[in-house]
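[1] Quick one, what's the 3D model for this:
(one chain, ligands or ions: 1)
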Amino acid sequence: MTPPVLTFDNVTLAYQRHPALHHLSGKLQEGSLTAVAGPNGAGKSTLLKAIIGEVPVSEGRIVHGAHARDIGYLPQIAEINRRFPITVLDTVLMGGWKATGAFGRVGREMLSLARAALEDVGLAGFDYRLIGSLSVGQLQRVLFARLILQDMPVILLDEPFNAIDARTIAVLVEIIAGWHREGRTVLAVLHDMDLIRRHFPETLLLARRPIAWGQTCQALSPDNLAHAMALAEAWDENSEPCRKVS
Ligand SMILES: Nc1ncnc2c1ncn2[C@@H]1O[C@H](COP(=O)(O)OP(=O)(O)OP(=O)(O)O)[C@@H](O)[C@H]1O
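    You can find the predicted model right below:
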């Protein structure tokens, strides 16, 4: 068996010592397709940010396997500055910086790969549109095209289907399924339980702490979902900073 892509060893993540996620342990296997589910404020986005090093680990550790530097990350769309005056094509080409270097010239091959990625997401011909002129769904397609160009073995997606219509969701779900078939590891924060059940074989259910992690049908059992909701409702934002649990 190949070593896990990520190992979580009793991980606690906190902001100003107030825990957002407690005591997560488990392994993300190479080639797995996993949803991260849970109520608002459960710590889902925080977990993704900790994996890419944007949020420090307060306790425990996250051990990266062979692909430590090879992670593609799609932030929540609300975190993208759409006023930045950049074209669709240049946004996608940012996904190729590893090959071109930060200030390298974009070669013909990279350009044609970027255009092919735009075609894959159904946006052929949008090259010179400014991203500020796109609908939310079109912008999400552009960001997926950038991930295609990035060509990473591990891909983290934070609410990729938020505020997106069914047609665009179908296109993006198919791209994710393609990544899975290619053996990439995908971890996606999602809210739509039906969509998770249909397309994601594994689920990590969080409610400020892990509730379940395994096959989706078991992880999203009615008992587990009720437990997660009850914990979320009982949560006190002003609770004491985390103390170690032995
Ligand atoms: N930068 C920050 N500073 C302080 N607290 C934060 C920060 N970011 C998130 N939090 C808090 O950490 C907790 C977990 O937030 P997180 O965004 O990880 O939840 P989530 O499960 O992704 O929620 P949602 O489904 O609403 O996006 C929340 O209580 C949130 O207010």
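[2] So which residues of the chain form helices?
    When assigned using DSSP state H, the helices of the chain occupy the ranges 44-51, 88-93, 97-100, 108-120, 136-150, 166-181, 193-199, 216-219, 222-234.
[3] Out of those helices, which gets the lowest mean score?
    In terms of average pLDDT, helix 97-100 trails the rest of those, at a mean of 70.
[4] Can you add mean neighbour count and distance to the ligand and give the helices of the chain back as CSV?
    From N, CA and C alone the C-beta is placed, and that goes for glycine too. What follows is those, written out as CSV (neighbours: other Cβ atoms under 10 Å; distance: least, Cβ to the nearest ligand atom, whole Å):
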stretch, mean neighbour count, distance to the ligand
helix 44-51, 22, 3
helix 88-93, 22, 23
helix 97-100, 14, 26
helix 108-120, 17, 27
helix 136-150, 22, 16
helix 166-181, 15, 17
helix 193-199, 14, 13
helix 216-219, 17, 16
helix 222-234, 14, 9
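[5] mind checking which of these is nearest Asp9?
    helix 44-51 (12.6 Å; Cβ to Cβ).
[6] which residues make contact with the closest one from outside it?
    The contact list for helix 44-51, computed with Cβ atoms under 8 Å, 6 or more residues apart in numbering, reads 6, 11, 13, 15, 20-21, 24, 36-38, 55-57, 62, 71, 73, 76, 156, 158-159, 187, 189, 206.
[7] who touches the closest residue to Ile169 other than its chain neighbours in this structure?
    Nearest residue to Ile169 in three dimensions, chain neighbours excluded: Phe161, at 5.0 Å (Cβ to Cβ, 6 or more residues apart in numbering). The contact partners of Phe161, by Cβ under 8 Å, 6+ apart, come to Gln140, Ile169, Leu172, Leu190, Asp192, Leu195.
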